[in-house]
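Asks: What shape does this take:
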Amino acid sequence: MMRKTDKIYVAGHNGMVGSAIVRALMQRGFTNLVYRTSKELDLRNQVAVDEFFKDEKPQFVFLAAAKVGGIVANNTYRAEFLYDNLMIVSNIIHAAYANGVTKLLFLGSSCIYPKMAAQPIKEEYLLTGPLEYTNEPYAIAKIAGIKLCESYRDQYGANFISVMPTNLYGINDNYHPENSHVLPALIRRFHEAKVSGLEEVVIWGSGSPKREFLFADDLADACLFLMEEYSSKEIVNIGCGDDLSIKELAEMVKEVTGYTGNLAFDTSKPDGTPRKLLDVSKINALGWRYKTSLKEGMNIAYKDFLTKQEKLQAIQ
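Replies: Next comes the predicted model:
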């Protein structure tokens, strides 16, 4: 059980997930938070990470740091995604054990599951089939993180748990034109199409793949819940339990951004995994459910995007 005065390290606090966890902790009155920017602490550097843990001695760790991106980024920078993420998880998990961390929560990703896994995806489907090729390096690193948590628990009795979030979106998302995930990428493209008066927005693929989306602040709420309530070896899926097609998603983004043009689908581009819906019966049975509807969360995300755009324009 985390006390309000316990020192809590949020790795990756500037990212969408990490910043959501920081918000959730602060809202609940946890004040003894510690974090470092990537410039202040290179998590790929084992010596630097060890020194940080020795100096700060955090009691609880949320491991949300990762090199992330969409299909293009994952497939283009395969070596970077594998190396950087392997180093991050290895260094932090080992340092947490070596410095007596009370409990660590590791954030994986739903891409750890086989490409053609039965739907909805149960936790036990891990390592039962081939991964989606385009994001295999990222998935391999996340699987390594899971296995590190399991192994440090088995060998040393470390209370390290792993959670698998579905596709995420929300405040502080990445809207980079090439390296973003599908939902923020669509928000940016529809907004820019609206501003430019474009008659058509072209979407990659057929629009038929189905995806599940969870608001990042709901994920943070789930992480705090599990840090307090769950201490078992088995991984836990975090999602909403509902999905929709990319075409339906695009229509919703079109409505939220106020774009009035047409949609087109470029079927020469890859679709990725045909469907990815997590079985969330385990976390539901523990007593947690998501709160934010996709439409509600998307409106919040779009407002956040507009704020970011205004700041960029002010700088320029």
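
Asks: Where does the prediction get shaky in the stretch 1-150 of the chain?
Replies: 69-71 (pLDDT under 70).

Asks: could you point out which element follows the host helix or strand of residue 72?
Replies: Using DSSP states H and E, the element containing residue 72 is helix 71-76. Next along the chain after helix 71-76, taking DSSP H and E as the criterion, comes helix 78-98.

Asks: for that following helix, packing partners?
Replies: Judged by 3 or more C-beta pairs under 8 Å, 6 or more residues apart in numbering; DSSP states H and E, the packing partners of helix 78-98 are helix 46-56, strand 60-63, strand 103-107, helix 136-156, strand 160-165. C-beta coordinates here come from the backbone N, C-alpha and C atoms, glycine included.

Asks: go again using 10 Å as the cut-off
Replies: Contacts defined by 3 or more C-beta pairs under 10 Å, 6 or more residues apart in numbering; DSSP states H and E place helix 78-98 against strand 8-11, helix 46-56, strand 60-63, helix 71-76, strand 103-107, helix 136-156, strand 160-165.

Asks: What is the fourth one packed up against?
Replies: Using 3+ C-beta pairs under 10 Å, 6+ apart, the elements in contact with helix 71-76 are helix 78-98, helix 136-156, helix 182-196.

Asks: Residue 216 is nearest to which of the ones you listed?
Replies: With C-beta to C-beta, the closest approach to residue 216 among the helices and strands packed on helix 71-76 belongs to helix 182-196: 11.0 Å.

Asks: after the closest one comes which helix or strand?
Replies: Downstream of helix 182-196 (by DSSP H and E), the next one is strand 200-204.

Asks: still on that earlier bit, now the helices and strands packed on helix 78-98 in JSON lines, please, with extra columns for mean neighbour count and distance to residue 303.
Replies: Output for the helices and strands packed on helix 78-98, formatted as JSON lines (neighbours: other C-beta atoms under 10 Å; distance: least, C-beta to C-beta, whole Å):
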{"stretch": "strand 8-11", "mean neighbour count": "26", "distance to residue 303": "24"}
{"stretch": "helix 46-56", "mean neighbour count": "15", "distance to residue 303": "35"}
{"stretch": "strand 60-63", "mean neighbour count": "26", "distance to residue 303": "26"}
{"stretch": "helix 71-76", "mean neighbour count": "19", "distance to residue 303": "25"}
{"stretch": "strand 103-107", "mean neighbour count": "23", "distance to residue 303": "25"}
{"stretch": "helix 136-156", "mean neighbour count": "19", "distance to residue 303": "29"}
{"stretch": "strand 160-165", "mean neighbour count": "24", "distance to residue 303": "22"}
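
Asks: that older thread, contacts for the helix holding residue 72?
Replies: 67-69, 80-81, 111, 132-139, 174, 176-182, 185, 204-205, 269-273 (C-beta atoms under 10 Å, 6 or more residues apart in numbering).

Asks: Would you mind putting the CA coordinates of it into CSV?
Replies: The C-alpha trace of helix 71-76 is given here as CSV (Å, rounded to 0.1, in the frame of the first residue of the first chain):
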residue,chain,number,x,y,z
ILE,A,71,3.7,1.5,-37.8
VAL,A,72,6.1,3.6,-39.9
ALA,A,73,8.4,4.5,-37.0
ASN,A,74,8.4,0.9,-35.6
ASN,A,75,9.2,-0.6,-39.0
THR,A,76,11.8,2.1,-40.0
